[in-house]
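*Asks:* Okay, here's the prediction I keep looking at, along with the sequence it came from:
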Protein chains: 4
Amino acid sequence: MVMTQVTVWNEFRHERKNPVVTAIYPQGMHAVLATALREQGFTVRTATLDEPEHGLSEAVLSQTEVLVWWGHLAHHEVADAVVERVKARVLAGMGLIVLHSGHFSKLFKALMGTSCDLKWREAGEIERLWVIEPAHPIAEGLPELIEIAQEEMYGERFDIPAPETLVLASWFAGGELFRSGCCYTRGQGKIFYFRPGHETYPTYHLPLVQRVIANAVRWAAPGQGPVPTFGHRPEPLSPLRAL
Amino acid sequence: MVMTQVTVWNEFRHERKNPVVTAIYPQGMHAVLATALREQGFTVRTATLDEPEHGLSEAVLSQTEVLVWWGHLAHHEVADAVVERVKARVLAGMGLIVLHSGHFSKLFKALMGTSCDLKWREAGEIERLWVIEPAHPIAEGLPELIEIAQEEMYGERFDIPAPETLVLASWFAGGELFRSGCCYTRGQGKIFYFRPGHETYPTYHLPLVQRVIANAVRWAAPGQGPVPTFGHRPEPLSPLRAL
Amino acid sequence: MVMTQVTVWNEFRHERKNPVVTAIYPQGMHAVLATALREQGFTVRTATLDEPEHGLSEAVLSQTEVLVWWGHLAHHEVADAVVERVKARVLAGMGLIVLHSGHFSKLFKALMGTSCDLKWREAGEIERLWVIEPAHPIAEGLPELIEIAQEEMYGERFDIPAPETLVLASWFAGGELFRSGCCYTRGQGKIFYFRPGHETYPTYHLPLVQRVIANAVRWAAPGQGPVPTFGHRPEPLSPLRAL
Amino acid sequence: MVMTQVTVWNEFRHERKNPVVTAIYPQGMHAVLATALREQGFTVRTATLDEPEHGLSEAVLSQTEVLVWWGHLAHHEVADAVVERVKARVLAGMGLIVLHSGHFSKLFKALMGTSCDLKWREAGEIERLWVIEPAHPIAEGLPELIEIAQEEMYGERFDIPAPETLVLASWFAGGELFRSGCCYTRGQGKIFYFRPGHETYPTYHLPLVQRVIANAVRWAAPGQGPVPTFGHRPEPLSPLRAL
């Protein structure tokens, strides 16, 4: 059994300039996520914004089956050519897990077709993620409620297309709620948006959060379905005749 | 790795009274389907209408992870108590694959909430099944088109709730089309309706048809998601106070 | 322009035996809802459990374009024959608005195919309904947030099929959330489940709650789409020939 | 009652250079569609590719409630700035009806996030459009089957996100089928893709095709739902406290 090849992409800026974040993720969030995914049996590499081509060369992408994406401060610094390249790979079947503030990445917006805007507040308030669809593979091994003691709030209206499956939804102490675990198919690719993960809280150290991400990677891994063919079909399959 | 336990249920009447059908399925359709699923690595038993409790005792169901259902002539002979028992098991997580004329079974109608009616014609016409969602697990290993040389026609309007995923759709030579591969979630259970399989054609001997059914069994197998709890929650999770 | 004909059905038991409820709804909830709908221009009649045939004779139903349903204590007292009659009318195109504890009615469960179970708590806590799909007709004229000062809590997992459109979702002070405004199509009929309306609070006196219900009635009113035909189609539309 | 303001946009190239098309649409397809929509009571203007700003200035768009789009040869000539402007208007609530070869427009691809590719054949073969969802407003007044004597074939896999509602699907004599009437919501805007309309056939003169387009315009017209607000919400709605 060949293991799914995962690339964890991280903007990796907060960790290098904000001591609060450095203390939580000294090697960067990508390092924590990569370790967690390796423990689940995936083959994992990492890539970051400030590497050449943001670490997402054709060579890297051609060996990536599922890409995990965290970005926030520097969405506009991601080169359009790389966004197009990654999007093309998703449409060709690569899975994509978009985390937290990645909702505003060029990549996610291009795949959704909408603004992906939302409400937000940084007040360290409690987040409760309720499982809406317990039979979905991404709910595997979860309790019906995941509590995170302190998180940034994201609130509806979340300007996305209605998800194909809404796996998780979040309650925030301050009065808002949010569609927190959203599945999409785009082309041959499966996409999962997962809300938690503000940089100033140790969210990605939490085992249940890691479990959701690992489940999502498993779900989004490309299969062996037919590669659709497109274009001119001059010959009908059945004979044509007059009405 | 424990293998998924499958029960193939068949009405098993046509095969015993119509020589045309007997010639195609001497041991019954269930025997052909069971063999095909065993070859895919599943643990398979069979059950038929004329067994006590239609072969679907509590004991059998408790050991069944996915149930495959073929019925036609005798939907009304299936005892309501058995229908309720099977439905309860589906809602508790057992997968269900409903084949062909099973669209009109008490079981499927109870799970859909609609009449499940359709148009039909027995004219041995060609059926072409096109893959609509190639990234879905049920499309695994399929070509983008499955051709069946002779089948009964089923035509829209098919009176079902819109499927959560439409994996396959059928074209018929006589002018109709049909949603042929339809996914649903009901409670903890996953349901797949698959159209082909009229008793007078050797449809279930076709490798690609067997492949769809095997894929569906794999997709519908119960997972380890949270078992939701229901009922009274006298204590709030967060302290309540006045507005 | 002919006005949509609405029947508001109410169990009408709480109001007659609990003085708290009587004080809020002296003529019954149905009276308050009927008045609100008449003010929106609908032609409204009411029906209650203890009338002959529960007030839902064939004659009444044949003149009902949208049925509003509130029940709680006495779901089991609703005659199966009436449930079947109403369900058949929904499948034939009558709109259905199921309110609050109607989630557990025989009717709603038969149309959904699931248990429709949930968590609940009567603690008079604040409910905030957020608009998830602002472009949906049921969101017409609403603010993006509706606050209800005191309501019963309903919490996920709500054991329903994933709604075709999730228009509203509720946040509760005690820590739960809920899919509160859910659209379905069953047969020719449109169904809207709307959560608020515990009998001990004056919820149906609230203008915004009335507005949601009026919008839902407008959305669920039957149209002039084709009545599908079913059954045997011996003649193909296109000539058949050999492969 | 204010009438919905519609702009019919047409590439308007085929009609000016191919005598076959000129004979069918001497004033352009937009003229035929505009007349048909005016007869249904809409206020209609037209716009074409070779006008300044393609006829889609801010002023025109600000007065457009629903935009109808036909393009084919010259998708690449549509200025990116105009595409962005129109897309922004759709996300802000303007309805959009994309016709036939408009599936490959920059605009539709940007709103879908996918390639929108498909199979095609120009063989003048019969197209049969079956109504899949008869209760949908776009099916209003239609028969359950619309037959078009000669059309271009479009075949699946159609590389789009699964539609929120599949209203119509097409059967083609040559063996293919297609999701022909697809509803989406993007931001505040409603989008309907409608397949028929190859330029060398008189499709847009057909009353039933005109009826579908008029129904779609009615369905896609913007409502009065809440305009969502986004961004920073420093103040919680409910008081926060420690766990």
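*Replies:* Received it, and whenever you're ready, just let me know what you need. Numbering: from 1, shown residues only, chains lettered A, B, ... in the order given.

*Asks:* what residue ranges in chain A score low on pLDDT?
*Replies:* In the predicted model of chain A, residues A:1-2, A:241-243 satisfy pLDDT under 70.

*Asks:* Quickly run through the sheet partners of the strand ranked longest in it, with directions.
*Replies:* Ranked by residue count and defined by DSSP state E, the top strand of chain A is strand A:119-131. Take DSSP bridges as the rule and strand A:119-131 pairs in its sheet with strand A:145-155 (antiparallel), strand A:165-172 (antiparallel), strand D:231-232 (parallel).

*Asks:* Pick the most deeply packed of the ones you listed.
*Replies:* strand A:165-172 (a mean of 25; mean count of other Cβ atoms under 10 Å in any protein chain shown). Backbone N, C-alpha and C define where each C-beta goes, glycine included.

*Asks:* Could you list the residues in contact with it?
*Replies:* Contact with strand A:165-172 is made by A:125-133, A:136, A:138-139, A:146, A:151, A:153-155, A:177-183, A:194-196, A:212, B:164, C:156, C:162, C:166, C:169, C:171-172, C:175-177, as judged by Cβ atoms under 8 Å, 6 or more residues apart in numbering or on different chains.

*Asks:* Which of those residues are buried? Put it as a PyMOL command.
*Replies:* Selection of buried members from these for PyMOL, criterion 16 or more other Cβ atoms under 10 Å in any protein chain shown:
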select buried, (chain A and resi 125+126+127+128+129+130+131+132+133+136+138+139+146+151+153+154+155+177+178+179+180+181+182+183+194+195+196+212) or (chain B and resi 164) or (chain C and resi 156+162+166+169+171+172+175+176+177)
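
*Asks:* buried residues in the top helix by length along chain A?
*Replies:* Longest helix of chain A, by residue count under DSSP state H: helix A:207-220. By 16+ other Cβ under 10 Å, the buried positions in helix A:207-220 come out as A:208-220.

*Asks:* and it, what does it pack onto?
*Replies:* Under the contact criterion of 3 or more Cβ pairs under 8 Å, 6 or more residues apart in numbering or on different chains; DSSP states H and E, helix A:207-220 touches helix A:29-39, strand A:66-70, strand A:95-99, strand A:145-155, strand A:189-194.

*Asks:* pretty sure residue A:197 is touching residue A:69, no?
*Replies:* No - using Cβ atoms under 8 Å, residue A:197 is not in contact with residue A:69; the gap is 10.9 Å.

*Asks:* Return every residue with contacts to both of the two.
*Replies:* residue A:99.

*Asks:* hmm, back to that, ok, so of the buried residues of helix A:207-220, who is nearest residue C:188?
*Replies:* The shortest gap between residue C:188 and any of the buried residues of helix A:207-220 belongs to residue A:219, at 35.3 Å (Cβ to Cβ).

*Asks:* quick one, what contacts residue A:71?
*Replies:* Residue A:71 is in contact with A:9-11, A:49, A:78, A:101-102, A:104-105, counting by Cβ under 8 Å, 6+ apart.

*Asks:* Not counting its neighbours along the chain, what's nearest it?
*Replies:* residue A:11 (4.3 Å; Cβ to Cβ, 6 or more residues apart in numbering or on different chains).

*Asks:* number of nearby residues for the one you found?
*Replies:* Using other Cβ atoms under 10 Å in any protein chain shown, residue A:11 has 26 neighbouring residues.

*Asks:* Now it, what are its backbone angles?
*Replies:* Main-chain dihedrals, residue A:11, degrees, to the nearest 10: phi -60, psi -40.

*Asks:* who touches it in this structure?
*Replies:* Per Cβ under 8 Å, 6+ apart, neighbours of residue A:11: A:48-49, A:70-74.

*Asks:* From the residues you listed, list just the buried residues.
*Replies:* A:48-49, A:70-72.

*Asks:* closest to residue C:36 among the residues you listed?
*Replies:* Once Cβ to Cβ is applied, the member of the buried ones among the contacts of residue A:11 that ends up nearest residue C:36 is residue A:72, at 46.3 Å.

*Asks:* Helix or strand for the closest one, just tell me which one.
*Replies:* Under DSSP states H and E, no helix or strand contains residue A:72.

*Asks:* Leaving out sequence neighbours, find the closest residue to it.
*Replies:* residue A:101 (3.9 Å).
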